[in-house]
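Q: Sequence plus predicted model, see below.
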Amino acid sequence: MSDQRLPVQIAPFKLARQGRLLQGSIELTRMERLAQALTETNGSVSVSLQFGIDEQGIHCATGHLNAEVQMTCQRCMKPMSVPVVTDVALGFVSSYEQGRNLSRDYEPCIVEHEPVNLAEIVEDELILALPIVALHEEQGCEPVIETLQKAASEIEQSDVKPNPFAVLSELKRKK
């Protein structure tokens, strides 16, 4: 795939009429909503979208998104790399009513005014493709609760103090 510069704004209905192919990458730093689920925003998403009009007359874009994002493992609370690979099938409509009547083959993308921000469309699809819970493989991933329990146990063992009344019991025995 070529790594050409993608436009910031697109006119999806026009691109569909022209049958255009958009290929390139978008920096993750341009996706503020997605960044809330990530530990860092380094990297980019690889985008390949073929625009067209299907046999039912639906203006659409189909393609593929591929990114490597950094999330927090919910088992050990450490950063981890998560591959996000998703296929995209968008049907462009101009109202919610048209979106409800859209074929199930497409996810509706409501375009009230052209142009629209391409990064926002890609960001929506990436958010939907993120895992609900990011987890390392169990092997080699120590749950944070076990780490905390070990630390608490070590603290308890190191903090064993002599009973302050032990001296009194010794005095009582001497009498």
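A: Good, I have the coordinates.
Q: in the chain, which spans are strands?
A: 9-10, 21-27, 44-53, 59-72, 79-93, 107-110, 116-117 (DSSP state E).
Q: Could you measure from the residue nearest to residue 142 when sequence neighbours are not counted over to residue 136?
A: Using Cβ to Cβ, 6 or more residues apart in numbering and skipping residues adjacent in sequence, the residue nearest residue 142 is residue 76, 5.6 Å away. From N, CA and C alone the C-beta is placed, and that goes for glycine too. Using Cβ to Cβ, to the nearest Å, residue 76 is found at 6 Å from residue 136.
Q: And the two? Which one has more around it.
A: residue 76 (18 against 15; other Cβ atoms under 10 Å).
Q: May I have the phi/psi pair for the more buried one?
A: phi -110, psi -10 (degrees, to the nearest 10).
Q: hmm, back to that, out of the strands of the chain, which comes closest to residue 37?
A: strand 59-72 (6.6 Å; Cβ to Cβ).
Q: Average pLDDT for that closest one, rounded please.
A: What strand 59-72 shows for mean pLDDT is 96.
Q: and if you look at stretch 75-93?
A: 93.
Q: And for stretch 33-45?
A: Here the average pLDDT along stretch 33-45 is 93.
Q: And for stretch 100-119?
A: The model assigns stretch 100-119 a mean pLDDT of 92.
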